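S.K.: give me a model of this one.
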Amino acid sequence: MLKIKYNLDVLKPHHPSSDIVARSLLEIKGTSFVRVSVDELDQRTASLHIEIEGIDLDLDVISKTLEELNCALHSVDEVVAEKLVDSDDSI
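M.R.: Down below sits the predicted model:
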């Protein structure tokens, strides 16, 4: 199992709200934490920084979820991966 954290740069229209984006991402299997911060706002779009953490997260599933919300994934700014050691694993 891997604990994964992604920091994403995302462009979204004004609707859906950032709250809906966060809640939708939190529904992805394995997700335990989502933070959405608005970086820049103009008349039609918002630029977001999204931090998403969880176990064995799949970037393709995250990207598809964002696309379903009419959001565009601009870049993956950071990836942190941590191998979780089971009690059955020996080091």
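
S.K.: let me see the mean pLDDT of stretch 81-91.
M.R.: Average pLDDT, stretch 81-91: 75.

S.K.: same question, stretch 20-36
M.R.: Stretch 20-36 comes out at a mean pLDDT of 98.

S.K.: residues in contact with it?
M.R.: 10, 12, 16, 18-19, 48-57, 61-62, 65-66, 68-69, 71 (C-beta atoms under 8 Å, 6 or more residues apart in numbering). Heads up, the C-betas are built off the backbone N, CA and C, glycines and all.

S.K.: what subset of the residues you listed is buried?
M.R.: 10, 12, 18, 48, 50-54, 57, 62, 65-66, 71 (16 or more other C-beta atoms under 10 Å).

S.K.: which of those fall in strands?
M.R.: 10, 12, 48, 50-54 (DSSP state E).

S.K.: just send those residues back as a markdown table, with distance to Leu2 and pLDDT too.
M.R.: Output for these, formatted as a markdown table (distance: C-beta to C-beta, whole Å; pLDDT from 0 to 100):
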| residue | distance to Leu2 | pLDDT |
| --- | --- | --- |
| Val10 | 22 | 98 |
| Lys12 | 27 | 96 |
| Leu48 | 24 | 97 |
| Ile50 | 19 | 98 |
| Glu51 | 17 | 98 |
| Ile52 | 14 | 98 |
| Glu53 | 11 | 98 |
| Gly54 | 10 | 98 |
